[in-house]
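Novice: Here is a sequence with its predicted model. Questions after.
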Amino acid sequence: MAAAHPLRARFLYGALIVGALAALLVVDRLIGNPLFFSLVALAAIVLSIGEFGSIVRASGARFDGAPVAFYAAALVALKVPALVPRSVIPAPGPELLVLAVMVLHLVARSVVSGDVEGAIRRLGADVLAYVWLVLGLSAFLDILAGYGVGTTLAAIAVAKSHDIGALLVGRSLGRRKLAPKVSPNKSVEGAIGGVLLSLVAAGLSALLLEAPAIAGPRFLLFGFVVSLAAMLGDLVESLVKRDAGVKDSAGWIPGFGGVLDMTDSLTLAGPVALATLAGLARI
């Protein structure tokens, strides 16, 4: 019974979180502005950056999350059309523009201050936080702007369904280790279960949600690719935590651990979903 309690908590809190996101997306659609979803996305990004910083520091490296959080806020603001029209943003787009400014800022700060020790690891952690967390999670704002509420919910549902399917099937049928040195608890059977449940989630989303981008057989490709991306995002966090020797990114969300433990599967699922939708639109 004790082992089942964390699992029940994971499902309960996961359902509440997805339901809250759905409600926020609906409200934003009614007011014609992705205000609330943008704020929640920014909060999730900033909290994930903070927890990533704790992991980095546990590994012995230095990390100052304040600049990365600042540039995360800048990127989210640039992605809200009501704040900054996309037409005024120069090529190659806000993502690379903000990354370039951030890197120039961080390098210049280290040079001016003479902060040489550990510069490679510190700057590497900063760039990883931006590329993995900021770009990854903010991609859902692009999905919302380009494909609507239904498709955004579908992308989130598919990614989180992989988590649920992998957990359930892995615990009951898991035998062969998927990546034992990175995440000993993940199994090949669990990964297959996660993909299958993601395909179900994609199919239901295509039927029940207003998501024309994945209508018809296109939901199969969308569900499969996004599910694999969700699994890889989870493994990225496992790799980082394994290097630092920590189990969870934090411990304040029952059944999950921390915000990063909840958003890890979304970090790569967002950009991959966005790229897949762009490809499907050409079919």
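Specialist: Sure, I can see it. Numbers count the residues shown, from 1 in each chain.
Novice: Distance from the chain centre to the longest strand seen in the chain, please.
Specialist: In the chain, assigned by DSSP state E, the strand with the most residues is strand 183-187. Distance, stretch centre to chain centre, for strand 183-187: 20 Å (Cα atoms, centre = their mean, to the nearest Å).
Novice: buried set for it?
Specialist: 183, 186-187 (16 or more other Cβ atoms under 10 Å). For the C-beta atoms, the positions are set from N, CA and C on the backbone; glycine is no exception.
Novice: Tell me, what's the model's pLDDT at residue 93?
Specialist: Here the pLDDT value assigned to residue 93 is 83.
Novice: For stretch 173-190, measure first residue to last.
Specialist: 7 Å (Cα to Cα, to the nearest Å).
Novice: what's next to that stretch, contact-wise?
Specialist: Around stretch 173-190, the neighbours that count as contacts under Cβ atoms under 8 Å, 6 or more residues apart in numbering are 165-167, 169-171, 191, 193, 234-235, 238-239, 242.
Novice: Any quick ChimeraX command for the buried ones out of these?
Specialist: Here is the ChimeraX command that selects only those of those that count as buried (16+ other Cβ under 10 Å):
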select :165,166,167,169,170,191,193,234,235,238,242
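Novice: how about the helices in the stretch 1-150 of the chain?
Specialist: For the stretch 1-150 of the chain, helices defined by DSSP state H, counting those that start in this stretch occupy the ranges 4-31, 35-58, 65-78, 94-113, 119-128, 136-173.
Novice: Partner strands of the helix or strand just after the last one and their direction?
Specialist: Sequence-wise, the next helix or strand beyond helix 136-173 is strand 177-179, with elements assigned using DSSP states H and E. Based on DSSP bridges, the strands next to strand 177-179 in the sheet, each with its direction, are strand 183-187 (antiparallel).
Novice: Now the partner strand: average pLDDT?
Specialist: pLDDT averaged over strand 183-187 gives 89.
Novice: Let's have the helices of the stretch 1-150 of the chain in TSV, adding distance to residue 276.
Specialist: Below are the helices of the stretch 1-150 of the chain laid out as TSV (distance: least, Cβ to Cβ, whole Å):
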stretch	distance to residue 276
helix 4-31	20
helix 35-58	20
helix 65-78	21
helix 94-113	17
helix 119-128	23
helix 136-173	9
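Novice: averaging pLDDT over each of those helices, which comes out lowest?
Specialist: Among the helices of the stretch 1-150 of the chain, helix 4-31 scores lowest, with a mean of 73.
Novice: how far off helix 136-173 does that one point, in degrees?
Specialist: 150 degrees (axes from the mean of the first three to the mean of the last three Cα atoms, to 10 degrees).
Novice: Between helix 35-58 and helix 4-31, find me the angle.
Specialist: Using the same axes, to 10 degrees: helix 4-31 against helix 35-58 is 140 degrees.
Novice: next one: helix 4-31 to chain centre, how far?
Specialist: For helix 4-31, the distance to the chain centre is 15 Å (Cα atoms, centre = their mean).
Novice: Which strands and helices lie in contact with that helix?
Specialist: Secondary-structure packing of helix 4-31 (3 or more Cβ pairs under 8 Å, 6 or more residues apart in numbering; DSSP states H and E): helix 35-58, helix 136-173.
Novice: Go through those and pick out the most buried.
Specialist: helix 136-173 (a mean of 23; mean count of other Cβ atoms under 10 Å).
Novice: quick one, which of the helices and strands packed on helix 4-31 is nearest to residue 104?
Specialist: Residue 104 lies closest, by Cβ to Cβ, to one member of the helices and strands packed on helix 4-31: helix 35-58, at 19.2 Å.
Novice: Show me what that closest one is packed against.
Specialist: helix 4-31, helix 65-78, helix 119-128, helix 136-173, helix 218-244, helix 259-280.
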